[in-house]
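**Student:** Requesting a structural model of the entry that follows:
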Amino acid sequence: MLRPVRPHPSTSVLYRFLRLLESTTLFFVVGALLVAALFVLGNVQEFLDSSLRMLLNLMVVFSTLGVTSAVCYLVACITWMIRRRHVMIVRLLAGLVAVALTLSAALAGGALEALVTPS
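**Tutor:** Sure, this is the predicted structure:
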C-alpha cells in the first residue's frame, strides 16, 4: 500500500515565515551587539556625551526589536515543530539565546539611560 507523500517543509508558508523571522532576529541581535560594542569602545575613547546617548538609544531600539522578533521566532518555531512533529533543537536554542542576549542588552541600555538622564 502506498503512503501519501508529504509536501516538502520548505513549501509551507509557516516555514517561510519562520525563516524570515530567523533572518530578522539575527539582524537585530547582531545590530544590538555591534552597537553595544561601539558604545563600550566610545566610552574607552571618550566620545562626546551626545554621541554616547545616541548609541545608547540605538542599542535600546535594536535590542527591543530583537526581543520582539526573537519571541515571534520562538512562537513560530514551536508552532512549526508541533505541526510537523519534528524537533529542531538547534533553532530552538538559537532563539532562546537571541532572547537572552537582546533582553540583557535592552535592560542594560535602559538602566544606563536611566542613570544618564538628569532628574
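
**Student:** which residues touch the nearest residue to F39 once chain neighbours are set aside?
**Tutor:** Leaving aside its sequence neighbours, F39 sits nearest to L55 (CB to CB, 6 or more residues apart in numbering; 4.5 Å). C-beta here means a position set from N, CA and C on the backbone, and glycine is covered the same way. Contacts were defined as CB atoms under 8 Å, 6 or more residues apart in numbering; by that measure L55 touches 35, 38-39, 42, 47.

**Student:** Which element, helix or strand, includes L55?
**Tutor:** Using DSSP states H and E, L55 falls within helix 49-84.

**Student:** now that helix: how far from the chain's centre is it?
**Tutor:** Offset of helix 49-84 from its chain centre (CA atoms, centre = their mean, to the nearest Å): 4 Å.

**Student:** and the angle for the helix or strand following that helix with helix 49-84?
**Tutor:** Note on helix 49-84: by DSSP H and E, the next helix or strand toward the C-terminus is helix 89-116. With axes from the mean of the first three to the mean of the last three CA atoms, to 10 degrees as the basis, helix 89-116 and helix 49-84 are set at 150 degrees to each other.

**Student:** export the contacts of L55 to TSV and tack on neighbour count?
**Tutor:** Formatted as TSV, the contacts of L55 follow (neighbours: other CB atoms under 10 Å):
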residue	neighbour count
V35	22
L38	16
F39	23
G42	16
F47	16
